[in-house]
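Chemist: pasting the structure only:
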């Protein structure tokens, strides 16, 4: 499990601002995703992503919106690939 610290939050915020894809290992499985929003929800640090590739529950698509708990991230790497989806939430907020 990755420790929840400023470096993780900083990397996620940088990926959102730069519209970069992230590669994460979450609950033992690799995923490629576009992070869109990051913050605290119900006392837990979370990131809202649009999953491009990764596991899915039976009967569900492998792509789509996912809400990931930062405490369950085992690895995170910000890609150099720019996400094609326009309008990430952070770009519309005041800094």
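Modeler: Nice, thanks for sending it over. As the structure is a prediction and not an experimental result, all values here were calculated from the model. Numbering: from 1, shown residues only.
Chemist: now do the SS call for the residue of the chain most remote from its centre.
Modeler: Residue farthest from the centre of the chain, counting by C-alpha atoms, centre = their mean, is residue 59 at 22.5 Å. Put simply, residue 59 is coil when judged by DSSP: H, G, I helix; E, B strand; the rest coil.
Chemist: what of residue 84?
Modeler: Going by three-state DSSP: residue 84 is coil.
Chemist: gap between it and residue 34?
Modeler: When distance is defined by C-beta to C-beta, to the nearest Å, residue 84 is 8 Å away from residue 34. From N, CA and C alone the C-beta is placed, and that goes for glycine too.
Chemist: the more surrounded of these two?
Modeler: Using other C-beta atoms under 10 Å, the more surrounded residue of residue 84 and residue 34 is residue 34, with 23 against 9.
Chemist: do I have it right that that one meets residue 23?
Modeler: No - using C-beta atoms under 8 Å, residue 34 is not in contact with residue 23; the gap is 11.4 Å.
Chemist: number of nearby residues for residue 12?
Modeler: Residue 12, neighbours per other C-beta under 10 Å, totals 25.
Chemist: where does the residue nearest to residue 29 when sequence neighbours are not counted fall, phi/psi-wise?
Modeler: Nearest residue to residue 29 in three dimensions, chain neighbours excluded: residue 55, at 4.6 Å (C-beta to C-beta, 6 or more residues apart in numbering). For residue 55, the backbone dihedrals are phi -70, psi 160 (criterion: degrees, to the nearest 10).
Chemist: need the contact list for residue 55.
Modeler: For residue 55, the contact set (C-beta atoms under 8 Å, 6 or more residues apart in numbering) comprises 29, 31, 62.
Chemist: for residue 66, which non-adjacent residue is closest in space?
Modeler: Going by C-beta to C-beta, 6+ apart, residue 66 has residue 51 as its nearest residue, at 4.9 Å.
Chemist: my read is that that neighbour contacts residue 67, right?
Modeler: No - in this structure, residue 51 is not within contact of residue 67 by C-beta under 8 Å, at 10.6 Å.
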